[in-house]
Each structure stands twice: as C-alpha cells, then as structure tokens.
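> Quick one, fold the following:
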Amino acid sequence: MLNQQVNGDKKILLNIILGIGYTSKAQGEGIEGFIRMKMKELNIAKISALATLSRSILPTFLLNIAKNFGAVPIQHYTAIRLEMETLRLIQPSYTVYRAVGCHGVAEAAALCAAGKTGHLILEKTVFKGITFALACGSEI
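Numbers count the residues shown, from 1 in each chain. As a prediction, this is how the structure comes out:
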C-alpha cells in the first residue's frame, strides 16, 4: 500500500491528503465512489484528512466524505494561504483565481496540508463541478 513505506529498518507512515474544491452548484452525487476508484488505481487505502478553501458553510457532501472516509478532519485554508502554493501547482487556473482569489483549491489545499515536503500524487481531477487532488506528506 502507498500509505506505508519501509526505509531501512524504519517504517514511514504516509499522510495522504484529499484536497477538494467545488462550485456553488456542486451537489456531490457520485463523488465519493469516483474518489475511491481513483484511490484504488493508485493503491491508496485511506486518507488522513480533507483540505479545502475556508468557507462559512461547508456543503453536506463534503461533511459526508469526511465521515465516510473514517471521520477524517477537514482542514481549512484561506485563499491567501492557498495562493502561496501556486508555484507547486500542476494545473493553476486564472478562472479559479478570479472566482476565489487563488490559482487553485484542490491541489493547493492538499499541498498545504501535506506540508513543505509534500507532493501531489494525483493532480486536479474534475467530477461534476467538484475538483479533487491527492497529496502525500510523510511523518515518522
């Protein structure tokens, strides 16, 4: 599984972060199954957290994803903080920048939560108005 690596005698647990962005019209129908399919393709068993743009109200589908993936925490980042990740993004978007003030939400949020040494393992993927990306950060 990708969630563990062995480095000599040390076992390193990997933090897999699911970054999510969405439009105001996103409903979330079918998104969880699609995410699980992508995780299976990458041999990922579980995620450590969800990460997204700070908003006053989170949609029900996002809360359900967090619950159904093992009650993982949802980490929130401001657009200013997400914008600091722009140079690390695979798919920066000026359209997203005009809408929310940062060049990406899913990739940037995943990278923020994965930390400075984190990296994307799945670039931004779009499904019915919802974008998601996976990042990996290690922790001994």
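> now the helices for this protein?
31-41, 60-68, 79-83, 94-100, 106-114 (DSSP state H).
> And residue 129, what's its pLDDT?
Residue 129 carries a pLDDT value of 91.
> Need the nearest residue in space to it, chain neighbours excluded.
residue 26 (3.9 Å; C-beta to C-beta, 6 or more residues apart in numbering). No exception for glycine: its C-beta is placed from N, CA and C like everyone else's.
> Look at the one you found and report its pLDDT.
88.
> contacting residues around it?
Shown in contact with residue 26 (C-beta atoms under 8 Å, 6 or more residues apart in numbering): 59, 61, 128, 129, 130.
> My read is that the fourth one contacts residue 20, right?
No - contact status for residue 129 versus residue 20: not in contact, 11.3 Å apart, counting by C-beta atoms under 8 Å.
> And those two? Which one has more around it.
Using other C-beta atoms under 10 Å as the criterion, residue 129 and residue 20 rank with residue 20 on top: 27 against 14.
> if I look at that one, how far off is residue 115?
Residue 20 sits at a distance of 18 Å from residue 115 (criterion: C-beta to C-beta, to the nearest Å).
> So for residue 125, what's the pLDDT?
Residue 125 is assigned 96 on the pLDDT scale.
> What's the local residue count around it?
16.
> Nearest residue to it in space, please, no chain neighbours.
Using C-beta to C-beta, 6+ apart, the nearest residue to residue 125 is residue 132, at 5.8 Å.
> And residue 34, by the same measure?
Residue 34 sits nearest to residue 127 (C-beta to C-beta, 6+ apart), 4.9 Å away.
> OK, contacts around the one you found?
The contact partners of residue 127, by C-beta under 8 Å, 6+ apart, come to 30, 31, 34.
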